[in-house]
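Novice: heads up, no residue letters with this:
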């Protein structure tokens, strides 16, 4: 770490405020003008600094590493969303859910019904169960199992549930969906290839929704995968200043960025001693902090 006495800062440089330690690491947003510089700090958001009064301390090497700053996003598309530091969001969450992820209110409102859905998914969508049904040509039953898991929670809008149900009615669609689902969940290829094959099938049968594409992996493998509900997920990411490259059309880049956001948030919540168990807790946290959901 070294101070720069020349008051010359370049876009992308990492810095710290010399007296505001709580602001954490910052990134210079544009080249300094000579008398001022704009910096985004992890713990305070965007700050214009007058260089006559304060000179940020440049940081290099290991001390300049930051997952959030590497993925910084500052142009919210969701109305009413402004950056909020993670400690502020955690405080907001704890006010709504005393005891955090292990409190009674959180268990009753967020955790219990999702745990039930996970248990159901593990039974109805177990690899032996799905593969056995498909091998026996019981595509109707395989799809019925998937729909039962989808209907187990209110995370997917009713119209999207109906769209999936209707999409599976035409001849041949159930077989396509069932084969793509077992490949998505249990195939041996890298997940990107399996995800892209599954979303191609969803497009072919007119069921290409983010909720449909991400719900079942989330409940079968809640330690690895994340559910994407567009408005809530975008709002949470933008609130944290994390770029997820959201596009309404199903695509790997958006889902990969969502996983990066979810893993970052999980790690930060662990660092803040909230002890999230899995992505179910992280998804519930996203839902809570998104503006307008629990207010």
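Specialist: Yep, it's here. Small disclaimer: the values here were computed from a predicted structure and weren't measured.
Novice: In the top helix by length along the chain, which residues are buried?
Specialist: Longest helix in the chain, counting residues (DSSP state H): helix 252-271. Neighbour-count burial for helix 252-271 flags 254-255, 257-262, 264-266, 268-269 (criterion: 16 or more other C-beta atoms under 10 Å). (Each C-beta comes from the backbone N, C-alpha and C, glycine too.)
Novice: repeat for stretch 106-114
Specialist: Neighbour-count burial for stretch 106-114, counted by 16+ other C-beta under 10 Å, picks out 106, 110, 111, 114.
Novice: now do the same end-to-end measure for that stretch.
Specialist: For stretch 106-114, the first and last residues are 11 Å from each other (C-alpha to C-alpha, to the nearest Å).
Novice: Now do that stretch: everything it contacts.
Specialist: Stretch 106-114 has contacts (C-beta atoms under 8 Å, 6 or more residues apart in numbering) with 97, 99-101, 152-153, 219, 222, 280-281, 284, 287-288.
Novice: Residue 191: which of those is nearest?
Specialist: When those are compared for distance to residue 191 (C-beta to C-beta), residue 222 wins out at 15.1 Å.
Novice: which intervals of the stretch 51-200 of the chain have sub-threshold pLDDT?
Specialist: In the predicted model, the stretch 51-200 of the chain carries pLDDT under 70 at residues 76-81.
Novice: and the closest residue to residue 277 other than its chain neighbours, what does it touch?
Specialist: Spatial nearest neighbour of residue 277, excluding adjacent residues (C-beta to C-beta, 6 or more residues apart in numbering): residue 101 at 6.8 Å. The contact partners of residue 101, by C-beta under 8 Å, 6+ apart, come to 111, 274, 275, 276, 277, 281, 284.
Novice: looking at this, residue 101 is in a helix?
Specialist: Yes. If the criterion is DSSP: H, G, I helix; E, B strand; the rest coil, then residue 101 is within a helix.
Novice: how close does it get to residue 95?
Specialist: 14 Å (C-beta to C-beta, to the nearest Å).
Novice: For the stretch 1-150 of the chain, which segments are assigned as helices?
Specialist: With DSSP state H, counting those that start in this stretch, the ranges of helices along the stretch 1-150 of the chain come out as 67-70, 86-96, 104-106, 112-124, 127-135, 139-150.
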